[in-house]
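**Q** how would this look folded up:
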Amino acid sequence: MNHLPDPLVQWHSTDDPTRPLVVLLHGRGSRETEIIGLADHLPAAASYAAVRAPIAEGRGFAWFANRGIGRPLPDSLAQNMAWFREWLEGVAPAGRPVILIGFSGGAAFAGGLILDDPERFAGAAILYGTLPFDAGVPTSPDRLQGVPMFVAQGDADTVIPAKLLDATWRYLGAESGAKTTAVRSTGGHSLDAGTAAALAEWVTGQLG
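**A** Numbering: from 1, shown residues only. Below you'll find the predicted structure:
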C-alpha cells in the first residue's frame, strides 16, 4: 500500500464543531484552494472545509488513480476513501452531520464515499461528474434509499463521458432510491450562478 500524505485542509473560517460540516472536494488536477471559494455562496450555518486530494496530478492533485476519465481503479479508490475517513473521524465524530460536495473528479470521490457508507453522511452533491461505477462500491438498486442527493450537469459538458453522465443522472434520479434534487444547465463543465443558487438552497434544506 502506498504511503499517503497527511491531509492538507483549507477551512473557510474557524471550524465550529457544534455546526454541521460541509466538505468540498475539488476536481482532478485542481486543489483545495480553488474550491474553498464555493463556500462564499453557501449558507453560513455550517462549517466548510476543502481537502487536498492525496495524489499529485499535473499542477494539482487527484482523488484516485483511474483507467480513464471518471473510472477509478477500485484499489486506489478504496485506499484513498479510507485515508479520507480517518481524517473525517477526527473532525466530525459520530453525531456531527457531514455533507459532501464534489466537483468533477471530486464528485466521483464523494459518490464513492456515500455509496460505500450511506448512513455516515447527511447527503452529497455530485457536480459535473459521475458516480464511480464498476469501482468496488455498491451501485445496486435502492442503495441510497432516502438519502438527500444533489446532481448538477451541463448539456455541453465534454469532459466527462456522456455515457457516465447519463448513468449517473438515471441512477440518482430513479434507481438509487435517493431523495434527489437534479439541476441541468445549457453550459459545460463549470458551475454557473443558477446552479450555485440551487446548491445553496439544497444545502440550506439539509441543514434545517
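
**Q** Now do the buried residues in the helix or strand of the chain with the lowest mean pLDDT.
**A** Averaged element by element with mean pLDDT, DSSP states H and E, the chain has its least confident helix or strand at strand 55-57 (a mean of 95). Of the residues in strand 55-57, 55, 57 count as buried by neighbour count, 16 or more other Cβ atoms under 10 Å. (Each C-beta comes from the backbone N, C-alpha and C, glycine too.)

**Q** who does it touch, helix- and strand-wise?
**A** Other helices and strands packing on strand 55-57, by 3 or more Cβ pairs under 8 Å, 6 or more residues apart in numbering; DSSP states H and E, are strand 60-62.

**Q** Past the strand it packs on, which element shows up next along the chain?
**A** Sequence-wise, the next helix or strand downstream of strand 60-62 (DSSP states H and E) is helix 74-91.

**Q** And that next one, what's buried?
**A** Buried residues in helix 74-91, defined by neighbour count with 16+ other Cβ under 10 Å: 76-81, 83-84, 88, 91.

**Q** What's the first helix or strand after it?
**A** That would be, after helix 74-91 and using DSSP H and E, strand 98-103.

**Q** what lines up beside that following strand in the sheet?
**A** strand 21-25 (parallel), strand 123-127 (parallel) (DSSP bridges).
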